[in-house]
Structure formats: C-alpha cells, structure tokens
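# got a predicted structure here, sequence first:
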2 protein chains.
Amino acid sequence: MVDIASVSGDERMLADAIERALSIHAPHLEVLRDGDAIVARTRLGRAQRVVIAGHIDTVPVNDNLPSRLEGDALTGTLHGRGTVDMKGGCAVMLALAVALEAPAYDVTWVWYDHEEVEASLNGLGRLARTRPELLAADFAILGEPSNAVVEGGCNGTMRVELRATGRRAHSARAWMGENAIHALATALAALAAYEPRAIEVDGLVYREGLNAVAVSGGVAGNVIPDDAVLTVNYRFAPDKSVAEAEQYLRELFSAAAPELRLTVTDAAGGARPGLDAPLAQHFMAAVGGTPAPKYGWTDVARFAELGIPAVNYGPGDPSLAHTDDERVPVEQIIACERGLRAWLSGA
Amino acid sequence: MVDIASVSGDERMLADAIERALSIHAPHLEVLRDGDAIVARTRLGRAQRVVIAGHIDTVPVNDNLPSRLEGDALTGTLHGRGTVDMKGGCAVMLALAVALEAPAYDVTWVWYDHEEVEASLNGLGRLARTRPELLAADFAILGEPSNAVVEGGCNGTMRVELRATGRRAHSARAWMGENAIHALATALAALAAYEPRAIEVDGLVYREGLNAVAVSGGVAGNVIPDDAVLTVNYRFAPDKSVAEAEQYLRELFSAAAPELRLTVTDAAGGARPGLDAPLAQHFMAAVGGTPAPKYGWTDVARFAELGIPAVNYGPGDPSLAHTDDERVPVEQIIACERGLRAWLSGA
C-alpha cells in the first residue's frame, strides 16, 4: 500500500487497488466509489452503525519510497512516505473490512482522497456535502496515527496570507521605490517570538502553534519588489471557534505589522474531545489505554460537524508524519488491528 | 528605433536595421558585426580615438509599445519602452555616426546586445573578451540616460543569497521542527533598518542601496519549512572593490543573522568617476553642465577594467528606466546630439 505512491491529486491507482481488493475478497460489503474515495459497508441491520475512515493520500515523496522494512515482519519498523500518515491505518481497515463478515455493529469503511491539501478538496468533506447519507453513523473512528492509543478531539487550523504592497523601482535607485519584502520583517519577528500556548479542554491539554509555511516575493534581480506574501498556519485549541481564531490573528498582526493585509484562505474548526459518548466509552474499554489530546487537525472535526462523536485511533507516531524519515513499528499496526477486531467482534 | 522591439535576446531585427542604415548612409565608416553587436569606426589616423557606445536591448515590454509622442516633435515627450534606457542615446549615436564624416578624433561607435540580463551575456563584455582591439581607445562615452549631463563612474552591484536551513515537521506539531522562514526575520529587520550611505569619491557623492529583491520558502501549507532563501542586492560606491563589498555584507549579516549561509551569486565592480582624464576634461568643457555621480551600475565599469576612462552621457531620466511609463523629453535628445557634435567637431 505504501509503495503505491499516492500524493494528493494522484490517488487513483491506490483507490483502484483498494476497490479491486474489496470486490474480489469482500463480497459481504456494498462497495461504492466517489471520485477517488471508496465507501464499503455492511448491511446487517444492526442497531448501531460506526464509520471507520482514513485518507489514502500523502504529502510529496522526498526520496523516501519505496518502503523499507527494518527488522522482521512482526517486530520491525516500516520506513517510507505514508507509513505513519496514514497507510498503516488504511491497511488495518482493509484487513478488517475483508475479515469481519458479521461485526457487532454495522460498519461503513471509508478510504478517501485529498486530505493533505486545501480543505475544499477533501474527499471526506465532499462526501459530507454531496452524499451525507453515506456517512450516517452513531460513532466514528478515524485511523489517523495516534501511537495506537485513543486521541480525542483535535486542534483547529487556519491559514492566512499577509500581503505587503510596495512600489517598484530600479534597485540602483531604491529610494524611488518601497520594498514590499522588507515590510514582512516585523510580522516574521512576531512569528519567531511566538510562544505556543497549552490549553485544557474537557480534561485534555491541547498545544497550539503559529508558523510561516510559505513566503514569496520578487520581480527581478535589479527591481525593488512591490509585492510580497507570507502564508501563516495557526493551529488552535478546540476551545476557540474559527471566528475567534481569526480575531486572535487579526489582533496579533495588526499590532505587529499594521501595514500588511490579512486574508483568511483556509480554515477548519477543531473538535472537543467527545469521549463521553456511550460508544466512545465502550470502544475505549475494548482497546484500553489512556486517551490523549490530538494536536493536529483531523477529519474528526468533520464528524463533529455532522453531529457524530469521533475519535482518532491508528498506528504510528503523529510527530513523525510528514517528516522524511516517517516510520511505523509493525507492532502498532498489529495492536490497532487487534483492538478494532476485539471491539467489532463484540468483546 | 523604439518601435522595433528589442527585449534582451531578441535584438536581431534592430541590429539588422542599424547595420543597413550605416551601410547605406555612412560609407565613411568601417562596419563590423559580432552577433547582434554593431561596431562602426572611422579610420582617419587621428592622434586619439574615442569609443561611443550604447546597448540596444530593453527590459520586457509591458503594454508600453508602440511609442507615443506627447506634444510636438521638438519640445514634446516620447513615451514607450526603451525611450530612456536607452534608445534615445542609441539614436543620437546613429545620427552622428552618419553625419560626422571627419570628426576631431577617430570614433568607434558601438551598438551592443544583452545589457539588461546577466552579466555573462553582455555584448560589450563579449567584445572585450573576444575582440578587445575593437574597443581600444583613449576615452569612452556610454550613452546611458543621465538627463543629458555628464555622470561620472558608477556604483558596483552584488547579489547574495542568504539561506536558512531548518527541519521539516507537520505544522500541527511545530515543536518537532525548526522553521527556516522564521530564521529570516533578523536579516529582514537589518535590511528594513538599513540607512543608505552617501560616499564621496573623487568629488562626486555616491548613494548606496541594500535591498531584498527576492524571497522564497515553503513546502506545503501544513509543513514547517526546512529551507528559505532571501536574495539581496547591494549597490556599493566605487570606493570599494568587489571583495570589500562582500566583506561588508558578511560582517553585516553575520552580526544580524549568524545562522544564515551567505553566497555571492553575481558581482560587478563600480568605476571611479575618471573625470580627471584630459579627454574627459575637454569633453565636459564642450558639453557644459556640472558632472553628477552615476548611481546605477553601467558598462563604464567595463571600460574602467580595460583601463579606458569613461563617462555616462545620454538623454532621459535614469530614475524612469525600467518603469512602465518610461519617457524622454525630446529636448534632451537634441541637447545630447548638440553636445557630442560640438565636441567631436573640435569646438
């Protein structure tokens, strides 16, 4: 699964492979396709239904494919792009989708596209907008990496552009112009000085983050640039709404760099932990361990918006996601497979 | 001449037109061609020879061709790409090359290509490397825009890249990474705080400049970037060598942002005014006015390297060069034609 590269926008081949595997090996499931998202569900008439979902896309490959197994197949470590985020989880789902013909709850398995790029392209969001009936459930589990323990809720995320406008001139006569790149200096200083806050929500402590993720500007090597843009990503605790997060950024940057224009380009609210739902309690009892907060924004927030309690549970250390040496201990993959199997078998 | 577009790399048609005009109207000149550079010279056996040179290429057209004459043909203003930089000067040269059959000095007229792009392509530089005998002279005049007054020498120019290296991580767990864009903050603050220095050299005051001309960094909207580059252009007075200019930048940025790696990507020394040369004195007496410093780097520095005193003298306001509303008062074109004619006629 890891070795079928599937950088966002290029998921077709992996989606085809999953669809084919299900059609051959899981005749007990109804399989549907929407773009490069695959939905496979039981129709057993159980009293409750759960969604178990994972995205199949990854961030760009950076000389870290094909995958490499260090050690043996049961206790070793699998290295490579996507091993953590989140093909480990996707593989557990595929194995259980095939194996469990009669789970204790009806299950809707969802493998979807475009999670690692702008929110408007997200495959789960597309299903929620266009075919919400496919996601109807009493509880949802997202197989995002969580070191095989239950992680509740998630931080929100917002991207803003800070744009500086100047005046072009020949750089030999710079005093005729106004340098837009220089105008980013105080905003960058504010980012460099930012101290991440830790905020407790429903008993779990969420850590925030504020970072430049892109910067660009420049016309030619001898021209004073009239335009420069700094893109900032804010990860905010689920005690704040999207509007409150925006307000916070507007206050911060209007103090630090009042001449820059701030535009929100992308935002998604967080999700409070939601661990008090009865199915969440039952699930935690089945898989064990102490729940932790989820720092990263994940699609549990989409389920929260649909009114479906949801948690993260998957193999891999989330702090290794997107790093070049992404790697997952095989034992965590096995642990998640056992945990979900125990719960879905009615243990 | 302006309406024959000749953006760098696309000078052939204009070079053809100049060559044809000379072959028809200036039988007293020996005409040579090297790529898209045209060299035309008298062979009168005079005791002294002067080079009068101008580049025929322009920066890219930006909806500012064809040219437009505002007012009448003697007192109006000619608008359009290249009117200032530097087809006004090229036209004066062409008129005088044809008109002056027996100037007081032997004259080598040079129209050349590729001045507005990287130094390695420069047509005058190519002649200096491959056919230096064509440029042999006792004095040189470059028809670069100088508001029709003599501008002595020129500033040097240097471009450096300042590179920050960090460590990638998912932006939801920024504390696992190191943000390379944030690492540019103090270098940008130093640029924003920089006060241009004014330095007197041989009686003329040169104004320096230090500016960011490009900035780039960023991997994806949810990744802490591990690489960011700031490109800086330093325009330095001709009291400093290229090595001294580099030393100045290294000291400035090693104090302001010691973690950045500085690489020189492009450099060209300035030229001291050279106004004490006897032919320069004679020339200034003939054309009148008070000499001024040249801020921009020009090819006078190439003549300085060949040991030939050189000045800038041409129609047009250099601060309008490369602007979209480049425009030249026709009176300045006429003034330059008269000034050079008086001098070359032995006035």
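Alright, I've got the coordinates.
# domain-wise, how is chain A divided?
Per the record's domain assignment (automatic domain parsing), chain A is made up of the domains A:12-154+A:271-344, A:156-268.
# in JSON lines, list those along with mean pLDDT.
Compiled in JSON lines, the domains of chain A are given as follows (pLDDT from 0 to 100):
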{"stretch": "domain A:12-154+A:271-344", "mean pLDDT": "94"}
{"stretch": "domain A:156-268", "mean pLDDT": "94"}
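# among these, which is nearest B:Leu162?
Of all the domains of chain A, the one in closest proximity to B:Leu162, counting by Cβ to Cβ, is domain A:156-268 (11.8 Å). Quick note: C-beta positions are derived from backbone N, CA and C, even for glycine.
# so what's the residue nearest in space to the middle of chain A up against?
Most central in chain A under Cα atoms, centre = their mean is A:Thr298, positioned 4.0 Å from the mean C-alpha point. Counting by Cβ atoms under 8 Å, 6 or more residues apart in numbering or on different chains, A:Thr298 touches A:142, A:144, A:154, A:312.
# could you pull up phi and psi at the closest residue to A:Gly143 other than its chain neighbours?
Nearest residue to A:Gly143 in three dimensions, chain neighbours excluded: A:Gly89, at 2.6 Å (Cβ to Cβ, 6 or more residues apart in numbering or on different chains). Here is the backbone geometry of A:Gly89 (degrees, to the nearest 10): phi -60, psi -40.
# what's the answer for A:Trp111, then?
Phi and psi for A:Trp111, reported as degrees, to the nearest 10, are phi -110, psi 130.
# okay, and the beta partners of it?
In this structure, A:Trp111 bridges to A:Ile38, A:Gly54 when assessed by DSSP bridges.
# my guess is it contacts A:Ala17, does it?
No: taking Cβ atoms under 8 Å as the contact criterion, A:Trp111 and A:Ala17 are not neighbours in contact, 10.2 Å apart.
# which of those two has more neighbours?
Of the pair A:Trp111 and A:Ala17, A:Trp111 is the one with more neighbours under other Cβ atoms under 10 Å in any protein chain shown, namely 27 against 16.
# show me what contacts that one?
With contacts taken as Cβ under 8 Å, 6+ apart, A:Trp111 has the following neighbours: A:15, A:18, A:37-38, A:53-56, A:90, A:93-94.
# most neighbours, which of those residues?
Going through the contacts of A:Trp111 with other Cβ under 10 Å as the criterion, the one with the most neighbours is A:Ala53, at 31 neighbours.
# ok, that residue to B:Leu344 distance?
Taking Cβ to Cβ, to the nearest Å as the measure, A:Ala53 falls 84 Å from B:Leu344.
# what of A:Ala212?
Here the criterion is Cβ to Cβ. By it, A:Ala212 lies 59 Å from B:Leu344.
# of those two, who's got more company?
For A:Ala212 versus B:Leu344, the count of surrounding residues by other Cβ under 10 Å is larger for A:Ala212: 28 against 20.
# in which helix or strand would I find the more buried one?
For A:Ala212, the host element (DSSP states H and E) is strand A:209-218.
# same check on A:Trp343?
Applying DSSP H and E as the criterion places A:Trp343 in helix A:330-344.
# can you tell me what sits against that helix?
Contact partners of helix A:330-344, identified using Cβ under 8 Å, 6+ apart, comprise A:52, A:69, A:71, A:73-78, A:88-89, A:91-92, A:95-96, A:99-100, A:103-105, A:107, A:141, A:143, A:147-148, A:282-283, A:286-288, A:313-316.
# enumerate every residue touching the residue of chain A positioned farthest from its centre.
For chain A, the C-alpha farthest from the mean C-alpha position belongs to A:Arg173; by Cα atoms, centre = their mean, that distance is 47.6 Å. A:Arg173 sits next to B:209, B:295-296, B:318-319 when contact means Cβ under 8 Å, 6+ apart.
# go again using 10 Å as the cut-off
By Cβ atoms under 10 Å, 6 or more residues apart in numbering or on different chains, the contact set of A:Arg173 is A:224, B:207, B:209, B:235, B:295-296, B:318-322.
# once you drop chain neighbours, what's closest to A:Glu244?
Nearest in space to A:Glu244, with sequence neighbours left out and distances taken as Cβ to Cβ, 6+ apart, is A:Phe236 at 8.0 Å.
# quick one: contacts for the residue of the stretch 1-150 of chain A found nearest chain B?
Minimum separation of the stretch 1-150 of chain A from chain B (Cβ to the nearest Cβ) falls at A:Val59, amounting to 5.8 Å. When contacts are counted by Cβ under 10 Å, 6+ apart, A:Val59 is found next to A:7-8, A:81-82, A:85, A:115-117, A:321-323, A:326, B:168, B:170, B:219-220, B:222-223.
# still on that earlier bit, the helix holding A:Trp343: how far from the chain's middle?
The chain centroid and the centroid of helix A:330-344 are separated by 21 Å, computed with Cα atoms, centre = their mean, to the nearest Å.
# one more: stretch A:85-99?
Remark: stretch A:85-99 is offset 17 Å from the chain centroid, using Cα atoms, centre = their mean.
# list the buried residues of it.
Of the residues in stretch A:85-99, those buried by neighbour count under the rule 16 or more other Cβ atoms under 10 Å in any protein chain shown are A:85-94, A:96-98.
# adding distance to A:Ala256 and secondary structure, write those out as JSON lines.
Output for the buried residues of stretch A:85-99, formatted as JSON lines (distance: Cβ to Cβ, whole Å; DSSP: H, G, I helix; E, B strand; the rest coil):
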{"residue": "A:Asp85", "distance to A:Ala256": "32", "secondary structure": "helix"}
{"residue": "A:Met86", "distance to A:Ala256": "36", "secondary structure": "helix"}
{"residue": "A:Lys87", "distance to A:Ala256": "40", "secondary structure": "helix"}
{"residue": "A:Gly88", "distance to A:Ala256": "40", "secondary structure": "helix"}
{"residue": "A:Gly89", "distance to A:Ala256": "39", "secondary structure": "helix"}
{"residue": "A:Cys90", "distance to A:Ala256": "41", "secondary structure": "helix"}
{"residue": "A:Ala91", "distance to A:Ala256": "45", "secondary structure": "helix"}
{"residue": "A:Val92", "distance to A:Ala256": "45", "secondary structure": "helix"}
{"residue": "A:Met93", "distance to A:Ala256": "44", "secondary structure": "helix"}
{"residue": "A:Leu94", "distance to A:Ala256": "48", "secondary structure": "helix"}
{"residue": "A:Leu96", "distance to A:Ala256": "49", "secondary structure": "helix"}
{"residue": "A:Ala97", "distance to A:Ala256": "50", "secondary structure": "helix"}
{"residue": "A:Val98", "distance to A:Ala256": "54", "secondary structure": "helix"}
